[in-house]
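S.K.: prediction below, plus the sequence it came from.
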Amino acid sequence: MIYTTTETIAGAEIDIVLGVVTGNVVQSKHVGRDIMANLKGIVGGELKGYTEMLTEARSKAVERLLDEARQLGANAVVGVRFTTSAITDGASEVMAYGTAVRLK
């Protein structure tokens, strides 16, 4: 399935708009990652454990978004956006949302 951050897909025409679709995941921190993050905080640098965690969470959110779009009969999702928010201390949500469409 095609998904894009743009509102249109070059060379394709939207036949029908099926509605807004979302996919989200709430990911918690791992104690090992917290320890390494605290150590990195002293010397500076990328927190690779957290980068990996958020990359995985974003991938899961996109999978869920696409699953919801398929259930509506879509063959593409346009206008995809991502948001993040803190749910509790030590847990964050990653949400992907967009518009499910059927292309001609």
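M.R.: Looks like it came in fine.
S.K.: could you measure from Ser28 over to Ala86?
M.R.: Taking Cβ to Cβ, to the nearest Å as the measure, Ser28 falls 11 Å from Ala86. From N, CA and C alone the C-beta is placed, and that goes for glycine too.
S.K.: and the two? which has more neighbours close in?
M.R.: When neighbours are counted by other Cβ atoms under 10 Å, Ser28 and Ala86 differ, and Ser28 comes out ahead with 12 against 9.
S.K.: who's in contact with the more buried one?
M.R.: The neighbours of Ser28, taking Cβ atoms under 8 Å, 6 or more residues apart in numbering as the test, are 90-91.
S.K.: low-scoring stretches of the protein, by residue?
M.R.: Low-confidence regions of the chain, defined by pLDDT under 70, span residues 30-44.
S.K.: just the strands in it please.
M.R.: Across the chain, reading from the start of the chain, the strands by DSSP state E fall at 2-3, 14-28, 76-88, 91-103.
S.K.: out of those strands, which one sits most buried?
M.R.: strand 91-103 (a mean of 20; mean count of other Cβ atoms under 10 Å).
S.K.: what angle separates that one from strand 76-88?
M.R.: Per axes from the mean of the first three to the mean of the last three Cα atoms, to 10 degrees, the angle that strand 91-103 makes with strand 76-88 is 170 degrees.
S.K.: check the offset of strand 91-103 from the chain's centre.
M.R.: Offset of strand 91-103 from its chain centre (Cα atoms, centre = their mean, to the nearest Å): 7 Å.
S.K.: relative to strand 14-28, how tilted is that strand?
M.R.: Note on geometry: by the same axes, to 10 degrees, strand 91-103 and strand 14-28 are set 170 degrees apart in direction.
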